[in-house]
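> Quick one: sequence and predicted model below, then my questions.
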Amino acid sequence: MNDIETLLWETDATGLAERVNGGDVAPLELVDAAIARAEATGHDINAIAEKLYDSAREQAKAVDRALPFAGVPFAIKDLAIAIEGVPMHSGSTAPPLVPDFSSVMVDRYRAAGLIPIATSTSPEYGLRLVTESKRFGITRNPWNRNHVTGGSSGGAAALVAAGVVPAAHASDGGGSIRVPAACCGLVGLKTSRGRIPLTPLSSESWYGFVVDHVVTRSVRDSARLLDLTHGPDLLAPYQAREPSEPFAQAAARDPGKLTIGVYRKSPLGLEISSDTMIALEKAVSLARDGGHSVEEIDLPMIDRAFMADFARAVASATAGFVRAESIRNGRSIGPELERATRVLARFGEVFSAGELYAALERLAAASRDLIARTAKYDAVLMPVIAHPPLKVGAMNPTGADEFLENTLDRLRLTRLLRIDQFLGQLMDKSLWFTHWPAIQNVTGQPSISMPVHVTDAGLPIGIQAAGRPGDETTLLSFAAQMEKLSGWLDRRAPLRRPEAIPAAA
């Protein structure tokens with residue numbers, strides 16, 4: 001088992017599949033090793049919502065070893081994706097949904113040969129950019145257990161970074177793929193709007209802001225998995241344009257000479273740590289080493305007003321979701337929600353449909369402006385996180401922030417958030433760790449978080465490259481080159497290296 005566990009810990013999904021396809025390793029051996037490692041690291045990282053061990057072993061025994069990812073252990077996020085018969089908690093203490101169907105993406109993962117061994121933790125309804133909840137507690141970073149994994153796909157990132165699985169399903173509505181990837185030293189591609197269907201559980205989520213894909217160790221895994229899972233579904237309302245070439249082919253070729261923009265400012269006007277700026281400079285240096293032209297740019301249409309409109313849209317979507325869940329349960333679920341979720345949902349109820357429409361129109365106009373102004377660039381580099389991965393609990397409100405949240409909740413004074421000062425205070429507290437990722441959720445552009453830097457304290461910091469709408473191929477080709485230049489593929493979190501685990505574990 002130790003030899004297989006070491007292989008699992010060291011190897012990306014593509015490499016593991018090659019070993020299975022070649023007959024060197026049996027699917028059940030990989031699955032058993034992943035389950036053993038999940039149990040060994042479970043207390044350390046707390047990243048599993050539901051264990052699927054029995055079904056995983058049964059699938060491993062029956063999987064076709066010729067499939068592209070035959071027998072490769074995998075995890076599926078406990079949020080907005082359905083696995084038939086598996087409770088979906090969405091990180092909440094409210095009653096879970098137990099679907100009697102599976103999402104299209106789950107079927108596609110299984111058709112590729114992937115074996116889901118667990119569902120991964122998320123914060124309640126994916127609303128926080130750290131994975132801490134009343135339902136599951138704190139999910140911890142395998143690089144340092146005292147620090148966060150980011151969110152909302154923090155459980156997925158923790159399982160991959162800890163070497164439990166080589167890749168895991170994730171979703172991104174305001175950075176929820178890219179932030180955990182940036183915190184955990186992984187590759188995280190936020191795909192173009194419409195690239196991957198969310199059906200039949202939903203047609204779109206958060207007005208199209210939410211997309212699904214994976215967090216991975218390698219660029220080639222992200223590309224190959226996108227080749228196997230993207231494309232239209234009869235129930236999907238729209239789709240991204242067809243890629244100019246297979247994504248895996250793009251990741252395997254030289255990108256040529258690209259024109260790269262660099263955006264260094266905070267759209268919120270908040271502090272950016274020196275560690276983050278060092279990471280950004282490292283990404284810029286790698287891009288120059290790759291022979292690319294690099295230009296400093298500004299994004300004047302992205303400001304506090306833009307972010308406030310994004311917050312209004314998310315609040316209204318949260319309010320609608322809470323209404324739907326209350327109807328499903330035949331009673332209000334408000335008392336079971338975390339305070340911050342309840343406040344956000346109430347905020348979503350205090351402005352009119354006309355005001356929401358106007359906010360969405362402003363966001364759309366800013367998106368058109370941004371896409372037009374940056375069309376000359378093959379990619380735009382910018383931070384993902386403003387600080388190295390935070391200490392656990394650092395995003396919990398304290399002092400004046402806690403007083404405001406408590407007041408809004410207990411006295412039902414959510415209408416105060418119609419006042420820019422109060423909304424700004426709440427927004428700054430929610431987003432001070434990560435200022436940038438929501439931009440691409442609004443515009444629909446693809447963006448990839450690349451693990452270019454590890455701080456002197458041993459904490460990863462990823463930097464993202466945003467691309468033109470529908471152009472994941474350029475991003476994947478560029479990211480694969482950055483991977484080779486930086487050597488990040490060989491980095492691993494220090495948590496429970498296999499050689500340090502006794503054979504009986």
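Perfect, I can see it now.

> which stretches of the stretch 201-350 of the chain have low pLDDT?
Applying pLDDT under 70 to the stretch 201-350 of the chain picks out no residues at all.

> How much space separates the residue nearest the centre of the chain from R288?
Among the residues of the chain, I177 comes closest to the average C-alpha position under C-alpha atoms, centre = their mean, at 1.3 Å. For I177, the distance to R288 (C-beta to C-beta, to the nearest Å) stands at 27 Å. The way it works is simple: take the backbone N, C-alpha and C, and place the C-beta from them, glycine included.

> And S449, by the same measure?
Distance of S449 to R288, computed by C-beta to C-beta: 20 Å.

> How is this structure divided into domains?
2-256+487-496, 304-373+396-431 (automatic domain parsing).

> wait, which of these is closest to L270?
Judged by C-beta to C-beta, the one of these that comes nearest to L270 is domain 304-373+396-431, at 6.4 Å.

> all helices of the stretch 151-300 of the chain, in order?
Applying DSSP state H, counting those that start in this stretch to the stretch 151-300 of the chain gives helices spanning 154-161, 178-184, 219-229, 247-252, 274-289.

> closest to G348 out of the ones you listed?
Per C-beta to C-beta, nearest to G348 of the helices of the stretch 151-300 of the chain: helix 178-184, 22.3 Å.

> now for that closest one, which elements pack on it?
helix 154-161, strand 187-190, strand 211-216, strand 447-454, strand 460-466 (3 or more C-beta pairs under 8 Å, 6 or more residues apart in numbering; DSSP states H and E).

> Name the residues of the helix or strand following the last one that are buried.
Okay, so that is strand 460-466. Using DSSP states H and E, the helix or strand that follows strand 460-466 in sequence is helix 472-486. Residues 472-483, 486 are the ones in helix 472-486 that count as buried (16 or more other C-beta atoms under 10 Å).

> before we move on, what about stretch 278-292?
By neighbour count with 16+ other C-beta under 10 Å, stretch 278-292 contains the buried residues 279-284, 286-287, 290, 292.

> pull the CA atoms of it into PDB?
Coordinates of each C-alpha in stretch 278-292 appear next as PDB, following Å, rounded to 0.1, in the frame of the first residue of the first chain:
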ATOM      1  CA  ILE A 278       6.400  39.500  -5.000                       C
ATOM      2  CA  ALA A 279       4.300  36.600  -6.400                       C
ATOM      3  CA  LEU A 280       2.900  38.900  -9.100                       C
ATOM      4  CA  GLU A 281       6.400  40.100 -10.000                       C
ATOM      5  CA  LYS A 282       7.500  36.400 -10.200                       C
ATOM      6  CA  ALA A 283       4.700  35.700 -12.700                       C
ATOM      7  CA  VAL A 284       5.800  38.700 -14.700                       C
ATOM      8  CA  SER A 285       9.400  37.600 -14.700                       C
ATOM      9  CA  LEU A 286       8.400  34.100 -15.800                       C
ATOM     10  CA  ALA A 287       6.300  35.600 -18.600                       C
ATOM     11  CA  ARG A 288       9.300  37.600 -19.800                       C
ATOM     12  CA  ASP A 289      11.500  34.500 -19.600                       C
ATOM     13  CA  GLY A 290       9.000  32.800 -21.900                       C
ATOM     14  CA  GLY A 291       9.600  35.500 -24.500                       C
ATOM     15  CA  HIS A 292       6.400  37.400 -24.100                       C
END
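
> Centre of the chain to that stretch, how far?
Relative to its chain's centre, stretch 278-292 lies at 23 Å (C-alpha atoms, centre = their mean, to the nearest Å).

> what does stretch 129-141 give?
The chain centroid and the centroid of stretch 129-141 are separated by 14 Å under C-alpha atoms, centre = their mean.

> Can you show me the CA trace of it as PDB?
The C-alpha trace of stretch 129-141 is given here as PDB (Å, rounded to 0.1, in the frame of the first residue of the first chain):
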ATOM      1  CA  LEU A 129     -13.900  32.700   0.400                       C
ATOM      2  CA  VAL A 130     -12.700  30.500   3.300                       C
ATOM      3  CA  THR A 131     -14.000  27.000   3.900                       C
ATOM      4  CA  GLU A 132     -15.300  27.300   7.500                       C
ATOM      5  CA  SER A 133     -18.900  26.400   8.400                       C
ATOM      6  CA  LYS A 134     -21.100  25.500  11.300                       C
ATOM      7  CA  ARG A 135     -22.000  22.300   9.500                       C
ATOM      8  CA  PHE A 136     -18.500  20.900   8.900                       C
ATOM      9  CA  GLY A 137     -16.100  23.200  10.900                       C
ATOM     10  CA  ILE A 138     -12.800  24.400   9.600                       C
ATOM     11  CA  THR A 139     -11.100  22.900   6.500                       C
ATOM     12  CA  ARG A 140      -7.300  23.300   6.900                       C
ATOM     13  CA  ASN A 141      -4.500  23.900   4.500                       C
END
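
> For it, what does the pLDDT average out to?
The average of the pLDDT scores along stretch 129-141 is 98.

> on that earlier part again, export the buried residues of stretch 278-292 as JSON lines, with columns for distance to L189.
Below are these laid out as JSON lines (distance: C-beta to C-beta, whole Å):
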{"residue": "A279", "distance to L189": "18"}
{"residue": "L280", "distance to L189": "19"}
{"residue": "E281", "distance to L189": "23"}
{"residue": "K282", "distance to L189": "20"}
{"residue": "A283", "distance to L189": "16"}
{"residue": "V284", "distance to L189": "20"}
{"residue": "L286", "distance to L189": "18"}
{"residue": "A287", "distance to L189": "18"}
{"residue": "G290", "distance to L189": "19"}
{"residue": "H292", "distance to L189": "19"}
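
> Quick check: longest helix in the protein by residues?
Scanning the chain for the longest helix, with DSSP state H as the assignment, gives helix 304-329.

> rewinding a little: out of the buried residues of stretch 278-292, who's nearest P267?
Distances from P267 to the buried residues of stretch 278-292, taken by C-beta to C-beta, are shortest for L280, at 14.7 Å.
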